[in-house]
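*Asks:* Compute the structure for the input listed below.
(one chain, ligands or ions: 2)
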Amino acid sequence: MNTQVFHVQPDAIDSASIQAAADIIRAGGLVAFPTETVYGLGANATDAAAVEGIFAAKERPATDPIIVHIAAHDSLSQIAIDIPERAWQLARAFWPGPLTLILRRGPAIPATVSAGRATVAVRMPAHPLAQALITAAGVPIAAPSANMFSRPSATTAAHVLEDLDGRIAMVLDGGPTSIGLESTVLDLTGDVPTVLRPGGISIEKLRELLPDVTAREQFHEADISAEAPGQLIRHYSPRAEMRLYETQRDFKKMLMGTLQETLIGKRVGILLMSYEIAQVESVEGAEVFDLGPTPEDAAKHLFAGLRELDARGVDVIFAHGYARDGIGNAIWDRLLRAAEGKVQ
Ligand code: TXA
Ligand code: MG
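*Replies:* Ligands and ions are numbered 1, 2, ... in the order given. Purely as a prediction, here's the structure:
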């Protein structure tokens, strides 16, 4: 298959490109498109065969359910049933935006989308291209992140092509995504609202509306049995091995670590904040990737950094986490999975 790439300016959307993409979605094909979090790989969520195409293209296990994307608040009632009042409150507060709600699945959504579960994940993305595509297609769009299974998510069209060129019909290139990490996944089907995946909306923000919200502990047995879908420890993995440190305070320890690896002949890559790079000028023998000045920048550039250091052919990648609040939580979750749960 020849993957078409259409460049579209988010602030001056070319409707012919959107129509072409929407035609592909309605015909059962796959289109990758930008959201404010990461690129999604979209198919018609009401068409089981089209959704199966997503699993095939990504080589994603059929046990991992997919998020349904909508472009209007009202569409929620076409996707889910028994929608509690607090879901509508959250939707009003955070949509469009990086919050995914798990609710009971309605009859319009085939079981394949949810990997056979009685629930469904729904979100209304804020990116103008995503909204234009969903609206033009006239159907809800099922979309996981547009990367091969277990690889770092795609935050640019180039990342999508790196993984999926020749496997999908089209990529809408709207430039790099702004948040860089995926949406927060919030389960509203139990007694207590539970964050299954930290993401673009912080738990502190959710708590303002949902005082009883809890976060699922980051790793437990279910991760290994993959009972908790999509939350496998091995996820977002670069090809290189990860050396993960807790926080910025481990900066010196981290530099020592890189030195040791270089001495035994390993090619070393390191993800650093701009001010850290300024402190050391160069890390002897290491490939350095600049994540930018703030944790928000680090979130935005993290997946690009993992992919870039892989492309430069390093054997190991050094990185550290940030204070575990706000976006720092989501960054830590992704780093920990990239490192398969191992911390130095
Ligand atoms: O920001 C995002 O959420 C991006 C953009 C494209 O919207 N999408 C994304 O999709 O990250 P994906 O498939 O890479 O991750 C979806 C996560 C997975 O961990 C999946 O297991 C979980 O949401 N999920 C989806 N449906 C679920 C359900 N019915 N019950 C529990 N978890 C679900
Ligand atoms: Mg994903």
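
*Asks:* Local confidence estimate at Glu227?
*Replies:* Note on Glu227: pLDDT of 44.

*Asks:* Kindly apply the preceding question to Ile327 instead.
*Replies:* On the pLDDT scale, Ile327 is placed at 96.

*Asks:* Check Leu232 too.
*Replies:* On the pLDDT scale, Leu232 gets 55.

*Asks:* what's the answer for Ser150, then?
*Replies:* For Ser150, the predicted pLDDT is 88.

*Asks:* Measure how buried Phe149 is and give me the count.
*Replies:* 18 (other CB atoms under 10 Å). In this view, the C-beta of every residue, glycine as well, is placed from N, C-alpha and C.

*Asks:* ok, it to Val192 distance?
*Replies:* 30 Å (CB to CB, to the nearest Å).

*Asks:* Next: Leu210.
*Replies:* 9 Å.

*Asks:* who's more crowded, the two?
*Replies:* Set Leu210 next to Val192 and count neighbours by other CB under 10 Å: Leu210 wins out with 19 against 10.

*Asks:* For that one, which residues are in contact?
*Replies:* Leu210 sits next to Arg86, Leu90, Pro193 when contact means CB atoms under 8 Å, 6 or more residues apart in numbering.

*Asks:* just checking, Pro198 touches Asp333?
*Replies:* Yes. Using CB atoms under 8 Å, Pro198 makes contact with Asp333 at a distance of 5.0 Å.

*Asks:* if you average pLDDT over stretch 172-186, what comes out?
*Replies:* Per-residue scores along stretch 172-186 average to 98.

*Asks:* That one near ligand 1 at all?
*Replies:* Yes. For stretch 172-186, a contact with ligand 1 is found by CB under 6 Å from any ligand atom, at Glu182, Ser183, Val185.

*Asks:* Next, the buried residues of stretch 148-163.
*Replies:* 149-157, 159-163 (16 or more other CB atoms under 10 Å).

*Asks:* Can I get it in CSV, CA atoms only?
*Replies:* The C-alpha coordinates for stretch 148-163 follow below in CSV (Å, rounded to 0.1, in the frame of the first residue of the first chain):
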residue,chain,number,x,y,z
MET,A,148,3.8,0.0,16.1
PHE,A,149,2.8,-1.9,19.2
SER,A,150,5.1,-1.3,22.2
ARG,A,151,7.1,1.5,20.4
PRO,A,152,7.1,5.1,21.6
SER,A,153,4.0,7.0,20.5
ALA,A,154,4.2,9.2,17.4
THR,A,155,4.3,13.0,18.0
THR,A,156,5.1,13.9,14.4
ALA,A,157,4.0,12.7,11.0
ALA,A,158,7.6,11.5,10.4
HIS,A,159,7.3,9.2,13.5
VAL,A,160,4.0,7.8,12.1
LEU,A,161,5.8,7.0,8.8
GLU,A,162,8.8,5.5,10.6
ASP,A,163,6.4,2.8,11.9
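
*Asks:* Can you tell me which of the buried residues of stretch 148-163 is nearest ligand 1?
*Replies:* Nearest to ligand 1 among the buried residues of stretch 148-163 is Ser153, at 6.5 Å by CB to the nearest ligand atom.

*Asks:* That closest one reaches Tyr39, doesn't it?
*Replies:* Yes. Ser153 lies in contact with Tyr39 (CB under 8 Å); the separation is 7.5 Å.

*Asks:* Asp315: neighbour count?
*Replies:* Asp315 has 13 nearby residues by other CB under 10 Å.

*Asks:* Check Ala339 too.
*Replies:* 22.

*Asks:* What of Arg324?
*Replies:* When neighbours are counted by other CB under 10 Å, Arg324 registers 15.

*Asks:* Wait, it touches Trp332, no?
*Replies:* Yes. Applying CB under 8 Å, one finds Arg324 in contact with Trp332, separated by 5.8 Å.
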